[in-house]
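1. Here is the input, now give the coordinates:
(2 chains)
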Amino acid sequence: MLTITDLVKEYPTGLRALHGVSLTVDKPQVVAIIGPSGAGKSTLIRCVNRLVEPTSGSIALDGVDITKLGRGALRKARRRMGMIFQEYNLVERLTVMENLLSGRLGYVGFWRSFRRKYPAADVQAAYALLDRVGLKGYENTRADSISGGQRQRVGIGRALMQQPDLLLVDEPTASLDPKTSRQIMRIIVELAHERGTPTLLNIHDVPLAQNYADRVIGLAAGRIVFDGGPDELNETVLTEIYGEEDWSTTVGGGDDDGDDDRPGGSDDLEKAAAAG
Amino acid sequence: MTVEEHAKRYPEVWRRFSPRVTLIRYAWYLGTMFVAAWAVHQLDIPWFYFLDAHVQAGDLFGRMFPPDWAFFQVVLDPLVETIHIATLGTIVTFVVAFPIAFISARNTTFNTATWFIGRFILVTSRSVNTVVWGLLFIAIFGPGPVAGVWAIAARSIGFMGKLIAEAIEEIDEGTVEAIEATGASRLQVLWIGVLPQVLPVIWGTSVYRWDINIRESTVLGFVGAGGIGIMLYSSINQFAWREVGIMLISIFAVVVVSELVSAAIRQRIT
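-> Residues are numbered from 1 along each chain as shown, chains lettered A, B, ... in the order given. As a prediction, the model looks like this:
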């Protein structure tokens, strides 16, 4: 169970990305976080495994406050949280198998990872996941020679190799075409349900969120402005999250209108601040 | 728009530089010419040597010809020693430069102090010429190839360390983030997340530096640090030009081959 309480993040630049966000994920469900660029979606998800250090507030995973952990304990906590990235973030020059097995790094010693000698159970789990995400036979292919959709499948595999108690997914489909986006979303959601893994998932694309999520959270300017079922999303709610626009074609579903260049939106700014 | 309106609306003259910028550019040309003239004046060049320079050059060439092919047997051993000095020096460099590069890169160093130490080693290594390093190591290890190996390594550490450190600073941080997010230790992040990204640069610069080191080690003998240089030096002093000829040809052949090998290997690294 994940409980976030009054989470605040202020970047050294003075940019206040999160203004006291509280939310609870208490059952194995896929929670989609939607919101305009710069709303703090990325910051929120990255605070959970502390790739971004929160300024104040608490994040409890099964009762352990992640914000208070020291280096070693944080590593142990990170092992329990799998993360999937927009740009896949694979080690490009290593093989698909090496990338999958890197999900086990938190559990094997340095010497084993040095010699790439992972336990038999890990290798077996990696082969099974390879099969499950549709990359059977790709174990010895280098990650830089496969397509974006295939790379994201490897990214999913790496996160699930951790046997995580929580899955963090940051814009998994933003770099992919509409068809591949749907396939990737389906794989993530199916695996999350199969394994009963609670999932926090940032997504730009409102129809995709509606189609695949069990619960939708709307974030605007660092505050939660909506929390409900995907069927509760309507024009009024979308206007509250994103601002005034003609939402009639979006709410109906089907359309893939993923772009939002709202004035003042500063996703790049937020990403840059998160990276620094 | 009529023709007349058109003529009035757009200018006929276009200049790349404004008059002011043009003046500044000419000032730079003049300044450069002045520095060159000043240097020539100060160097006190004996111009009368230039008069028969072409004759002297032809004469020298004539004395080297035909090269003393039999002398090649004598040259072979020091020539191989030269290659060994370069190769061993490069291997020592590879081992030493590796950790120094990691502490000299801002994103993998431990703290400001370690970063400063790393940078200090790199700058020191690069600011001293290989031959000068050779003189220093002769004082420590005595004359011979051992001093040569250390001289080659001492100079190459700065070269390779700097290039590898720069490559480390340019890696994709997203990958590092992803490996950190799995709960990997710091050492594992370096080994799995960072190292594969810079491996092509590490191999490429090592082979390139080996190729440079072969050229550098041919002159190390001039100061007594092993290799073919000492022979070349004594043959020049004895005006044994036919011996010098065969040595220059041998060195040339070795350098060409090492360059070809280095280029071929670097091309294959992906």
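2. what's the burial count for residue 180?
-> You didn't pick a chain, so chain A it is. 17 (other CB atoms under 10 Å in any protein chain shown). C-beta: built from backbone N, CA, C; applies to glycine.
3. hm, I was asking about chain B
-> For residue B:180, using other CB under 10 Å, the count is 23.
4. Would you confirm that it contacts residue A:51?
-> Yes: contact criterion CB atoms under 8 Å: residue B:180 and residue A:51 qualify, at 7.0 Å.
5. Name the residue of chain A with the shortest distance to chain B.
-> residue A:106 (2.8 Å; CB to the nearest CB).
6. which residue sits closest to that residue, ignoring its sequence neighbours?
-> residue B:183 (2.8 Å; CB to CB, 6 or more residues apart in numbering or on different chains).
7. Please apply the same query to residue A:22.
-> Nearest to residue A:22 is residue A:5, by CB to CB, 6+ apart, at 5.2 Å.
8. what's the helix or strand for the one you found?
-> Assigned by DSSP states H and E, residue A:5 falls within strand A:2-10.
9. What of residue B:264?
-> Per DSSP H and E: helix B:241-268 holds residue B:264.
10. Residue A:225 looks like it's in a helix, true?
-> No: counting by DSSP: H, G, I helix; E, B strand; the rest coil, residue A:225 is not part of a helix but strand.
11. Identify the residues contacting it.
-> Residue A:225 makes contacts with A:218-219, A:240-241, as judged by CB atoms under 8 Å, 6 or more residues apart in numbering or on different chains.
12. What's the first helix or strand after the strand holding residue A:5?
-> Next along from strand A:2-10, by DSSP H and E: strand A:16-25.
13. Isn't residue A:173 up against residue A:187?
-> No: using CB under 8 Å, residue A:173 is not in contact with residue A:187, being 10.9 Å away.
14. neighbour-wise, which of these two wins?
-> Per other CB under 10 Å, whichever of residue A:173 and residue A:187 has more neighbours is residue A:173, with 25 against 20.
15. Helix, strand, or coil at the residue nearest to that one when sequence neighbours are not counted?
-> Spatial nearest neighbour of residue A:173, excluding adjacent residues (CB to CB, 6+ apart): residue A:181 at 3.6 Å. When classified by three-state DSSP, residue A:181 comes out as helix.
16. Residue B:14 too?
-> coil.
17. and it, backbone torsions?
-> Main-chain dihedrals, residue B:14, degrees, to the nearest 10: phi -130, psi 130.
18. so how far is residue B:166 from it?
-> Distance, residue B:14 to residue B:166, by CB to CB, to the nearest Å: 41 Å.
19. quick one, what contacts residue B:241?
-> So residue B:241 contacts B:60, B:63-64, B:235 (CB under 8 Å, 6+ apart).
20. before we move on, the earlier item: part of a helix, is the residue of chain A closest to chain B?
-> No: looking at residue A:106 with three-state DSSP, it is coil, so not inside a helix.
21. number of nearby residues for it?
-> With other CB under 10 Å as criterion, residue A:106 counts 20.
22. Likewise for residue A:155?
-> Residues near residue A:155, counting by other CB under 10 Å: 29.
23. about what we covered before: average model confidence for the helix holding residue B:264?
-> Helix B:241-268 shows a mean pLDDT of 90.
24. Over to stretch A:238-253?
-> 79.
25. try stretch B:221-229
-> The model assigns stretch B:221-229 a mean pLDDT of 89.
26. Stretch A:131-141 too?
-> 94.
27. Now chain B against chain A: closest residue?
-> Counting by CB to the nearest CB, chain B gets nearest to chain A through residue B:183 (2.8 Å).
28. What residues does that residue make contact with?
-> Contacts of residue B:183 by CB under 8 Å, 6+ apart are A:75-80, A:105-107, A:162.
29. List the contacts of the residue lying closest to residue A:21 once chain neighbours are set aside.
-> Using CB to CB, 6+ apart and skipping residues adjacent in sequence, the residue nearest residue A:21 is residue A:7, 4.5 Å away. Taking CB under 8 Å, 6+ apart, we find residue A:7 in contact with A:18, A:20-22, A:44, A:47, A:54, A:56-59.
30. okay, which residue is most central for the chain?
-> Because you didn't say which chain, this covers chain A. residue A:169 (1.0 Å; CA atoms, centre = their mean).
31. I was thinking of chain B, sorry if that wasn't clear
-> Closest-to-mean residue, chain B, CA atoms, centre = their mean: residue B:212 / 5.9 Å.
32. Look up how far residue B:90 lies from that one.
-> Taken as CB to CB, the span from residue B:212 to residue B:90 is 9 Å.
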